[in-house]
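Student: Here is a sequence with its predicted model. Questions after.
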Amino acid sequence: MNGKRLKLAVAGGNRGKAFNSTLGLLSEVVELTAICDVNGEKVREWQESFPGIQGYESYDEMLEKSGVDAVFIATPIDFHYAQTRKALLAGKHVLCEVYCANTLEEMEDLVRLVEETGLVYMMAENYVYMRQNLLVLNMVRQGAFGDLTYAEGGYVHDCRPIRVDADGKVTWRGDQMRRQRGNLYPTHSLGPIAKWLGLTERDQMKRCSTFVSKHASMDHYIARRFGQDHEALQKGYWAYGDSVTTVIECESEALVVLRFDGDSHRPHNMVHYELQGTTASYLSGRHDDEDPLVWVDGVSSVRADGTAEKWDVLYKHAYRYEHPLWVAHMADARRLGHGGGDFFVLQEFVSAVREGRRPFIDIYDAVAWSSIVPVSIESVKKGGIPVEIPRFPRRTR
């Protein structure tokens with residue numbers, strides 16, 4: 001693949017359009033060849049923005065006729081497994097939005113297919129690539145945190161307006177929450193932590209317990225916006241609750257706490273992370289106007305008895321720990337989506353295909369992080385008791 005531009009198809013016009021600017025920046029190595037969406041009007045919008053690209057309303061037809069090397073799957077979650085499977089069987093590399101599949105059986109099948117075909121699969125977990133998350137990763141790699149004992153991640157984002165559209169119809173995102181009760185969107189919270197702790201590599205997740213709060217905020221939103229007669233206000237209509245907490249025990253005995261809250265009435269908290277080691281601590285900012293904080297033994301201030309005294313702003317240590325990706329691409333990444341994550345995801349995927357190697361977020365990461373969904377659902381069904389998290393052994397190549 002070296003020297004040739006990667007011919008890429010995008011499946012799913014709504015989420016996929018967030019990568020338009022990134023596609024432009026990477027035009028020397030990737031060529032947007034096709035767009036596929038069930039909405040013909042959406043296809044035509046893309047063709048107006050990218051004159052000359054092929055347009056399809058059928059995913060199967062796109063795989064058969066477009067001649068692309070790879071597919072970026074940015075469709076609703078319930079389509080991810082089937083569309084990934086079809087793409088791999090058609091000989092296409094796959095970049096897939098989160099998460100990768102709904103069931104453990106589907107995840108095992110994807111691992112098998114990637115191993116058998118030798119194709120590149122990458123999950124597009126953009127939160128891993130945010131500046132502060134990669135900076136902390138670099139600190140971990142250089143030993144600043146010592147022995148890691150605890151990590152916390154949260155995705156707290158009021159998604160009610162995209163669960164029900166402007167006409168009051170429940171969208172695919174809302175339908176997902178209607179049907180299941182568990183941690184249904186864990187990878188934004190878990191992805192950066194998994195890289196810090198080396199999960200799937202030097203450590204493994206062992207088991208988890210999940211607890212769900214009562215359901216309240218969506219009813220409040222619907223009643224106020226659409227009235228008391230809306231069908232979604234019927235008792236038992238929604239399976240899930242406002243806030244979900246998952247506690248994960250790792251084989252190293254480190255603990256991980258994940259929170260997913262997509263309904264609470266509050267401003268968006270894009271990042272919520274904490275990391276504790278024997279020689280350093282990290283706290284992300286609680287909102288956009290607050291700096292992330294870090295305390296590092298031997299560098300930050302201490303009291304007379306040697307205990308930690310005062311937090312430093314994380315970026316005070318950037319001169320030493322800034323991740324090489326951000327050193328090289330700071331100007332471009334800062335102006336693109338999800339804190340630069342969208343840029344680095346596509347860049348890494350294209351590079352992995354061109355170089356014939358595993359991407360930074362490979363199939364083993366994808367299935368491990370995604371497995372929290374079915375495992376958490378099982379834990380909730382059993383009253384929150386711990387449920388074993390399956391392992392997907394890495395095959396070296």
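Tutor: Nice, I can see it. What you see is a predicted model, and the numbers here were worked out from it, not measured in a lab.
Student: Show me which positions of stretch 169-187 end up buried.
Tutor: 170, 173-174, 176-177, 180-187 (16 or more other CB atoms under 10 Å). Heads up, the C-betas are built off the backbone N, CA and C, glycines and all.
Student: Please enumerate residues in contact with that stretch?
Tutor: 76-78, 98-99, 123, 125, 127, 155, 159, 162-165, 210, 212, 218, 232, 237-241, 244, 246, 258, 260, 262, 369-370, 372-374, 376-381 (CB atoms under 8 Å, 6 or more residues apart in numbering).
Student: again, only using 7 Å
Tutor: Residues outside stretch 169-187 that contact it (CB atoms under 7 Å, 6 or more residues apart in numbering) are 76-77, 98-99, 125, 155, 159, 162-165, 210, 212, 232, 237-240, 244, 246, 258, 260, 262, 369-370, 372-373, 376-377, 380.
Student: May I see the PyMOL selection of the buried members of those residues?
Tutor: Burial among the contacts of stretch 169-187 is assessed by 16+ other CB under 10 Å; the matching PyMOL selection reads:
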select buried, resi 77+98+99+125+155+159+163+164+210+212+232+238+239+240+244+246+258+260+262+369+370+372+373+376+377+380
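Student: From the buried residues of stretch 169-187, which land in helices?
Tutor: Arg173, Gly174, Gln176, Met177, Thr187 (DSSP state H).
Student: Tell me where this protein is predicted with low confidence.
Tutor: Within the chain, the stretches with pLDDT under 70 are 1-3, 16-19, 337-338, 396-397.
Student: quick one: contacts for the most centrally placed residue in it?
Tutor: The centre of the chain sits closest to Glu125, judged by CA atoms, centre = their mean, with a distance of 3.2 Å. When contacts are counted by CB under 7 Å, 6+ apart, Glu125 touches Val98, Thr187, Gly191, Ile361.
Student: nearest spatial neighbour of Glu378, skipping sequence neighbours?
Tutor: Counting by CB to CB, 6 or more residues apart in numbering, Glu378 lies nearest to Val387, which is 4.9 Å off, once chain neighbours are set aside.
Student: Neighbours of the one you found, how many?
Tutor: Number of residues near Val387 (other CB atoms under 10 Å) recorded here: 19.
Student: Now the phi/psi pair for it, please.
Tutor: phi -120, psi 140 (degrees, to the nearest 10).
Student: For the stretch 151-300 of the chain, just list every one of the strands.
Tutor: In the stretch 151-300 of the chain, the segments counted as strands under DSSP state E, counting those that start in this stretch are 205-212, 243-250, 255-261, 273-277, 280-283, 293-296.
Student: Just the buried residues of the last one, please?
Tutor: Burial within strand 293-296, assessed by neighbour count using 16+ other CB under 10 Å, is assigned to Leu293, Val294, Trp295, Val296.
Student: now, among those, which is nearest to His329?
Tutor: Using CB to CB, Val294 comes nearest to His329 of those, at 22.5 Å.
Student: my read: that closest one touches Leu314, true?
Tutor: Yes. At 4.7 Å, Val294 counts as touching Leu314 under the criterion of CB atoms under 7 Å.
Student: that's a strand at Leu119, yeah?
Tutor: No. Going by DSSP: H, G, I helix; E, B strand; the rest coil, the assignment for Leu119 is coil, not a strand.
Student: give the contact list for the residue nearest to it when sequence neighbours are not counted.
Tutor: Leaving aside its sequence neighbours, Leu119 sits nearest to His93 (CB to CB, 6+ apart; 5.1 Å). Contacts for His93 (CB under 7 Å, 6+ apart) come out as Asp69, Ala70, Leu119, Val120, Val353.
Student: residue furthest from the geometric center of the chain?
Tutor: The chain, CA atoms, centre = their mean, max distance from centroid: Ala304 (42.4 Å).
Student: ok so, going back, mind putting the contacts of Glu125 into JSON lines with distance to Met205?
Tutor: Formatted as JSON lines, the contacts of Glu125 follow (distance: CB to CB, whole Å):
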{"residue": "Val98", "distance to Met205": "17"}
{"residue": "Thr187", "distance to Met205": "13"}
{"residue": "Gly191", "distance to Met205": "13"}
{"residue": "Ile361", "distance to Met205": "16"}
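Student: Just name the closest of those residues to Phe226, please.
Tutor: Distances from Phe226 to the contacts of Glu125, taken by CB to CB, are shortest for Val98, at 29.2 Å.
Student: Now do the same for that closest one: helix, strand or coil?
Tutor: Secondary structure, three-state DSSP: Val98 is coil.
Student: Distance of the residue nearest to it when sequence neighbours are not counted relative to Ala368?
Tutor: Nearest residue to Val98 in three dimensions, chain neighbours excluded: Thr187, at 4.4 Å (CB to CB, 6+ apart). Taking CB to CB, to the nearest Å as the measure, Thr187 falls 10 Å from Ala368.
Student: quick one on the thing from earlier: list the ones among the contacts of stretch 169-187 that fall in helices.
Tutor: Going by DSSP H, the helices hold Ile162, Arg163, Trp369, Ser370, Ile372, Val373, Ser376, Ile377, Val380 from those.
Student: residue contacts, Leu336?
Tutor: Applying CB under 7 Å, 6+ apart to Leu336 gives the contacts Ser21, Thr22, Asp342, Phe343.
Student: phi, psi of the closest residue to it other than its chain neighbours?
Tutor: Nearest residue to Leu336, sequence neighbours excluded (CB to CB, 6+ apart): Phe343, at 4.5 Å. Main-chain dihedrals, Phe343, degrees, to the nearest 10: phi -60, psi -50.
Student: try the one 4 residues further on
Tutor: Gln347 adopts backbone torsions of phi -60, psi -50, taken as degrees, to the nearest 10.
Student: wait, what's in contact with the spatially closest residue to it that is not a sequence neighbour?
Tutor: In space, and not counting its chain neighbours, Gln347 is closest to Leu26: 6.2 Å by CB to CB, 6+ apart. Neighbouring residues of Leu26 by CB under 7 Å, 6+ apart: Leu346, Gln347, Val350.
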